[in-house]
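Q: Provided below for reference: sequence and predicted model.
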There are 2 protein chains.
Amino acid sequence: MFVRTAGQTARPHTLGDIGMTSGSNAVVSLNEFTYKQGTEIYGEKEPADYVYQVKKGAVRSYKLLSDGRRQIAAFHLVGDIFGFANGELHRFTTEAVVETTVRLIKRRSLDLMADSDAVVTRNLLSMTANNLHHAEDHMLLLGRKTSLEKVAAFLIEMDRRLTAASVMTLPMPRRDVADYLGLTLETVSRVLSQMRRAGVLDFISKSQREIVIINRQRLATFDLQG
Amino acid sequence: MFVRTAGQTARPHTLGDIGMTSGSNAVVSLNEFTYKQGTEIYGEKEPADYVYQVKKGAVRSYKLLSDGRRQIAAFHLVGDIFGFANGELHRFTTEAVVETTVRLIKRRSLDLMADSDAVVTRNLLSMTANNLHHAEDHMLLLGRKTSLEKVAAFLIEMDRRLTAASVMTLPMPRRDVADYLGLTLETVSRVLSQMRRAGVLDFISKSQREIVIINRQRLATFDLQG
DNA sequence: CGGGGGCTTGAGGCCACTCAACGATAGTGG
DNA sequence: CCACTATCGTTGAGTGGCCTCAAGCCCCCG
C-alpha cells in the first residue's frame, strides 16, 4: 500500500483506531449524542468542530442546489466515521435518517494528535481515500448507469453494509434512495416493483422498507460491472 | 485546518512539494516521459508503481462499464498530480488527451518518505482531500444538474484552470466533455451552439476547440449554485 | 483531391420525469 | 377503539429532455 496501514481495509475504522493504535498516551474524551429522526447534525459551510461515528441509526450527507434539488453523496451507517473533511468548513449537510446516536470527538484534539503522531495522520489518509473511492464509483453510477442498474447497485451496497439477517431493513425512505441515485422516488418505486415482479426481491408486508433479496445472483446481473 | 499544511491551498502542489518541503535529505529521481495523443498511461487495476505530474498537455482519467459506457472522473492539466490513489492498484485508466509530458516518481520512494516524514503524509492527505472535494461536487453535477448547467459548470471550471488568455483552448474533444458530464457528444454540441446563439460564447473559426467566453457573468447564471 | 476524424444539426424515439390519484401505515387525540 | 391526519409508497397517464440514428460540413493531412 501507498502508506502502509496494515489490516485497515479488512475491518472498519473506529474513532478508537484514530487515536489509540499508536503509542500516544493522549486520551480523547468521547461524548455521545442522540439526534431525532430528520434533525440536522451539521450544515454545509458550518465550522467543522467535531468528527462523528455512528453508534446507532443512519445519517445522510448531501448537497443542495438553490432550487431544492438534492444529491445525497453517502449514507453513514453504524460504525461509519463522518465529518472529518480536510478543511475548516463542512462540505455537506448531514441529517439523522432515523433516530441516531453518534460519538463525537473534537477536531482540535485530532489536529493535535495528528501533529504528534504520524499514525493518526495515516489513518485519516486511509479513511479519506476510502471516501474518495466510494465517490469515484458513485460518479460512474450517476453519470452512466440506467435506473435498473442504479437501484440494483444500491441494493447490493446496502445488502453488504447492513450486515443484517435475511431481511434487509432500509433505514431511509424512497426519496432518500432517489436523491442518492440521481432519480425520482417514483422511478425507484417502479424499479423495485419491477424487481419484485421478476422474482428477485420481495417486500415484507407492513413495511416496504423491509426487503428480502430472493436471488442475489440475478440481482447482481442487473448492475453492469466495470 | 484539520491537519495543518499552511499555504497549500493557496498554490498548487508539486512533486517537489511532496518530497522537499521537509527536512529530509532524500533525493527523489524525477524522470520525464512523453505520451502521444490517445495513448494509455496506465490501466484500471494495474499495479500503481508511479505517481505522475503533468508538465505539458492533458490527461483524462476514467472508468468503463463492460459494454463500453465511459465516465471520465477528472481531467489532469499542467501542474496536476495524479495516480497516487491509496492502494496497490490504480482505480482508473488514464490516457493522454493530447501529446503529454509527465514527470514520474516511484511510489515506493514516496512510501519510504512517508514512513519517515510526516509532512509527506500530510501533503498526500491534503491532495487526496482535494480530489475528494472535486468528486463530491461532480456527484452533484452528474446526479442533479441539467445539460445546460453541466456544460456551463464545465466551461467555468476550464476557464479557471486553463489560465490562458481571452481565448480558451480546450484540449479535449466533445466526446470527452460528454463522458465527463454524463451526456452525449451531440447534447454537448447542441448546448454549446445554444450558448453561442445566446451571445455568451463564441467559437474561433478553424478550430471548435477554441472558445471565447463573451459574458462570464451570464454564463455563471446558467450553472445553479449550491 | 480524396479520405477520415471531429463537429454540428435534424428527426424521431425512449427512458425517466411530472402530475395525479389512491392505498397503506403510523401516530394523535377524542 | 376509532376517526383523523400526515407521511410514505405505489401505480397510471402523459410529457419532455436527452439519446439514437443519420446526414452533412469543415478542417487537416496525406
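A: In hand now; what should we look at? Numbers count the residues shown, from 1 in each chain, chains lettered A, B, ... in the order given.
Q: right, and the helix or strand after the host helix or strand of residue A:94?
A: Assigned by DSSP states H and E, residue A:94 belongs to strand A:93-96. Toward the C-terminus, strand A:93-96 is succeeded by strand A:100-106 as the next helix or strand (DSSP H and E).
Q: Can you list the buried residues in that following strand?
A: Using 16 or more other CB atoms under 10 Å in any protein chain shown as the test for burial, strand A:100-106 gives A:100, A:102, A:103, A:104, A:105. For glycine as for every other residue, the C-beta is placed from the backbone atoms N, C-alpha and C.
Q: got the CA coordinates for the very next helix or strand once past that strand in PDB?
A: Towards the C-terminus, the helix or strand next in line after strand A:100-106, according to DSSP H and E, is helix A:107-116. The C-alpha trace of helix A:107-116 is given here as PDB (Å, rounded to 0.1, in the frame of the first residue of the first chain):
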ATOM      1  CA  ARG A 107     -11.500  18.000  15.700                       C
ATOM      2  CA  ARG A 108      -9.000  20.200  17.600                       C
ATOM      3  CA  SER A 109      -7.900  17.100  19.600                       C
ATOM      4  CA  LEU A 110      -7.400  15.200  16.400                       C
ATOM      5  CA  ASP A 111      -5.400  18.000  14.900                       C
ATOM      6  CA  LEU A 112      -3.100  18.000  17.900                       C
ATOM      7  CA  MET A 113      -2.800  14.200  17.800                       C
ATOM      8  CA  ALA A 114      -2.000  14.300  14.100                       C
ATOM      9  CA  ASP A 115       0.700  16.700  14.700                       C
ATOM     10  CA  SER A 116       2.500  14.500  17.200                       C
END
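Q: so what's residue A:53 bridging to?
A: Beta-bridge pairing of residue A:53 under DSSP bridges involves residue A:81, residue A:103.
Q: hang on, it packs against residue A:80?
A: Yes. At 7.0 Å, residue A:53 counts as touching residue A:80 under the criterion of CB atoms under 8 Å.
Q: Looking at the two, which is more packed in?
A: For the pair residue A:53 and residue A:80, the greater number of neighbours falls to residue A:53 (26 against 20), based on other CB atoms under 10 Å in any protein chain shown.
Q: Please tell me how far the more buried one sits from residue B:175.
A: Using CB to CB, to the nearest Å, residue A:53 is found at 43 Å from residue B:175.
Q: Likewise for residue A:87?
A: Residue A:87 is 34 Å from residue B:175, by CB to CB.
Q: do residue A:163 as well
A: Relative to residue B:175, residue A:163 is positioned 42 Å away (CB to CB).
Q: okay, those two: which has more neighbours?
A: Set side by side, residue A:163 and residue B:175 show more neighbours around residue B:175, with 13 against 10, by other CB under 10 Å.
Q: That one is in contact with residue B:185, isn't it?
A: Yes. Contact criterion CB under 8 Å: residue B:175 and residue B:185 qualify, at 4.7 Å.
Q: Any part of the longest helix anywhere in chain A near chain B?
A: For chain A, the helix with the greatest residue count under DSSP state H is helix A:118-144. Yes. Shown here: helix A:118-144 in contact with chain B (CB under 8 Å from any CB of the partner chain) through A:118, A:121-122, A:124-126, A:128-129, A:131-133, A:135-140, A:142-144.
Q: Flag the shaky bits of chain A, pLDDT-wise.
A: A:1-30 (pLDDT under 70).
Q: Helices of that one, start to end?
A: All helices of chain A, identified by DSSP H, fall at A:15-20, A:107-116, A:118-144, A:147-161, A:174-181, A:185-197, A:216-222.
Q: between these, which one is nearest to residue B:220?
A: Nearest of the helices of chain A to residue B:220, taken as CB to CB: helix A:118-144 at 22.9 Å.
Q: Using PDB, list the CA coordinates for stretch A:73-82.
A: Extracted C-alpha coordinates of stretch A:73-82, given in PDB (Å, rounded to 0.1, in the frame of the first residue of the first chain):
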ATOM      1  CA  ALA A  73     -23.400  11.700  -1.500                       C
ATOM      2  CA  ALA A  74     -23.400   9.000   1.200                       C
ATOM      3  CA  PHE A  75     -25.200   7.200   3.900                       C
ATOM      4  CA  HIS A  76     -23.300   6.700   7.100                       C
ATOM      5  CA  LEU A  77     -24.300   3.500   8.900                       C
ATOM      6  CA  VAL A  78     -23.400   2.000  12.200                       C
ATOM      7  CA  GLY A  79     -19.600   2.100  12.700                       C
ATOM      8  CA  ASP A  80     -19.000   4.700  10.000                       C
ATOM      9  CA  ILE A  81     -17.000   7.800  10.700                       C
ATOM     10  CA  PHE A  82     -18.000  11.100   9.000                       C
END
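Q: Which positions within it qualify as buried?
A: Neighbour-count burial for stretch A:73-82, counted by 16+ other CB under 10 Å, picks out A:73, A:74, A:75, A:76, A:77, A:78, A:80, A:81, A:82.
Q: for stretch A:172-182, same thing?
A: Buried, per 16+ other CB under 10 Å, within stretch A:172-182: A:172, A:174, A:176, A:177, A:178, A:179, A:180, A:181, A:182.
Q: can you check stretch A:84-100 too?
A: Under the neighbour-count criterion of 16+ other CB under 10 Å, stretch A:84-100 has A:84-86, A:90-98, A:100 buried.
Q: can you check stretch A:199-210 too?
A: A:200, A:201.
Q: end-to-end on it?
A: 16 Å (CA to CA, to the nearest Å).
Q: Ok, stretch A:82-91 next?
A: Criterion CA to CA; first-to-last residue distance in stretch A:82-91 is 11 Å.
Q: outside of that stretch, which residues touch it?
A: With CB atoms under 8 Å, 6 or more residues apart in numbering or on different chains as the contact definition, stretch A:82-91 has outside contacts at A:41-48, A:50-54, A:59, A:61, A:63, A:74, A:76, A:92, A:94, A:107, A:110, A:124, A:127-128, B:1-3, B:125-126, B:129, B:132-133, B:136.
Q: again, only using 7 Å
A: Identification of contacts with stretch A:82-91 by CB atoms under 7 Å, 6 or more residues apart in numbering or on different chains yields A:42-48, A:50-52, A:59, A:61, A:76, A:94, A:124, A:127-128, B:1-3, B:125-126, B:129, B:133, B:136.
Q: Stretch A:202-210 now?
A: With contacts defined as CB under 7 Å, 6+ apart, stretch A:202-210 is touched by A:167, A:169, A:170, A:196, A:211, A:212, A:214.
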